[in-house]
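S.K.: The following comprises the amino acid sequence and a computationally predicted model.
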Amino acid sequence: MSSSSLPEGGQGTPDRLQLLEDKLDLQELCVRYGRLLDAGRLEEWASLFTEDGVLDLGPFGRPEGRAALVATMRTILAAAPATTHVIGAPTVRVDVDEATGECNWVALQPGSEGPVVARAGRHRDRYRRTADGWRIVERRGFQDLPLAGG
């Protein structure tokens, strides 16, 4: 099935409702990623990944598996000020139980005169439908704007 194909529903008609539900579920997954990370709820954040999920953060590390994800992010967050992520609506391509997508993000941090854009970038993702819903198989992070002041 091509990325523009739709899963077939009853009577051989495309199941457009399922495709829309999948896209909305994946959009919510991307938003929850930022919210859980910002709240420091790392175990819940890591549950957004498959058990063997990978987060490729370039020079910040490439943890594989939920325990490694939590440990790596705990170290990163300990060295960073409080952050609020603003997540752009992802573009996703669904192919039955697998999907790919990309979303932009902006990280805001407190500044002396109010919030400042600390960095901005995008994530390229591979997703898989599991018994618990859509999960991230692999997320590759790209930083398009450098750290504030650096």
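M.R.: Structure received.

S.K.: what about the nearest residue to A89 once chain neighbours are set aside, which helix or strand?
M.R.: Take A89 and drop its neighbours on the chain: the residue closest to it by CB to CB, 6 or more residues apart in numbering is Q27, 6.1 Å away. Just so you know, the C-beta spots here come from the backbone N, C-alpha and C atoms, and that holds for glycine as well. According to DSSP states H and E, Q27 maps onto helix 16-39.

S.K.: how far is that helix from where the chain is centred?
M.R.: 9 Å (CA atoms, centre = their mean, to the nearest Å).

S.K.: Please name every helix or strand in contact with it.
M.R.: helix 42-46, strand 84-87, strand 91-95, strand 98-111, strand 114-130, strand 133-145 (3 or more CB pairs under 8 Å, 6 or more residues apart in numbering; DSSP states H and E).

S.K.: Spatially central residue for the chain, please.
M.R.: C30 (4.2 Å; CA atoms, centre = their mean).
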